[in-house]
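*Asks:* could you work out the structure for the sequence below:
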Amino acid sequence: MQHTPWICVIVALLYSLGSPPQTAKECPPGLIAGFSLSTVEGALKVREEHFPLIATYDKLLAQLGDNAAIAILKLVSPKDLLKPSTVDGCLYVIVGAFSNPQVISGDINKDPKVTLFLLGYLYDKENDPELKKHIEQTKEYVENHARRSTQ
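*Replies:* Numbering: from 1, shown residues only. Reported below is the predicted structural model:
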């Protein structure tokens with residue numbers, strides 16, 4: 001249907017005005033919706049403040065899959081992306097986004113192409129050996145969980 005992208009624009013506009021969509025089904029799979037951006041932004045802020053992540057975020061992140069990496073790239077500036085606290089938050093979001101591959105919205109989001117690109121970039125730019133190890137572990141986690149979604 002040709003009007004589907006406009007529905008996403010309207011949903012995103014309504015969300016930005018304070019009326020979030022009720023479900024993820026309002027946008028076709030594969031398109032990033034306002035709820036993805038707000039979910040990732042909220043999870044990054046909660047993680048940065050060292051608060052335990054609310055169960056609602058866990059459930060919402062688990063639906064995102066590769067959309068989580070897209071949201072991170074849209075939300076975080078290149079300069080901030082390399083800060084250790086931001087990298088830690090990004091890794092936490094990515095793990096949450098692939099924690100339950102069966103609930104990821106849309107088959108295209110089960111394929112972690114953008115996520116693996118982002119993790120490779122973070123790995124290449126990182127100097128701290130501990131954080132590099134954490135990035136590598138996250139990459140392995142995503143690859144293993146993404147493989148499960150195709151079985």
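*Asks:* can you tell me how far the spatially closest residue to Lys113 that is not a sequence neighbour sits from Glu41?
*Replies:* With sequence-adjacent residues excluded and distances taken as C-beta to C-beta, 6 or more residues apart in numbering, Lys113 is closest to Asp66, at 6.5 Å. For every residue, glycine as well, the C-beta is placed using N, CA and C. For Asp66, the distance to Glu41 equals 17 Å [C-beta to C-beta, to the nearest Å].
*Asks:* comparing these two, which residue is more hemmed in?
*Replies:* The residue with more neighbours, out of Asp66 and Glu41, is Asp66; 27 against 16, by other C-beta atoms under 10 Å.
*Asks:* ok, the more buried one touching Leu118?
*Replies:* No: using C-beta atoms under 8 Å, Asp66 is not in contact with Leu118; the gap is 9.6 Å.
*Asks:* give me the low-pLDDT residue ranges for the protein?
*Replies:* In the predicted model, the chain carries pLDDT under 70 at residues 1-35, 50-55, 149-151.
*Asks:* what do you get if the cut-off is 80, keeping everything else the same?
*Replies:* Within the chain, the stretches with pLDDT under 80 are 1-36, 46-57, 147-151.
*Asks:* can you give me the helices in it?
*Replies:* 4-16, 34-48, 55-62, 67-75, 78-81, 84-97, 113-125, 129-149 (DSSP state H).
*Asks:* what's the closest of those helices to Val103?
*Replies:* helix 55-62 (5.3 Å; C-beta to C-beta).
*Asks:* now the residue nearest in space to the middle of the chain. Nearest residue, chain neighbours left out?
*Replies:* The residue lying closest to the centre of the chain (C-alpha atoms, centre = their mean) is Ala68, at 1.4 Å. Spatial nearest neighbour of Ala68, excluding adjacent residues (C-beta to C-beta, 6+ apart): Ala97 at 3.5 Å.
*Asks:* what of Ala71?
*Replies:* Val40 (3.9 Å).
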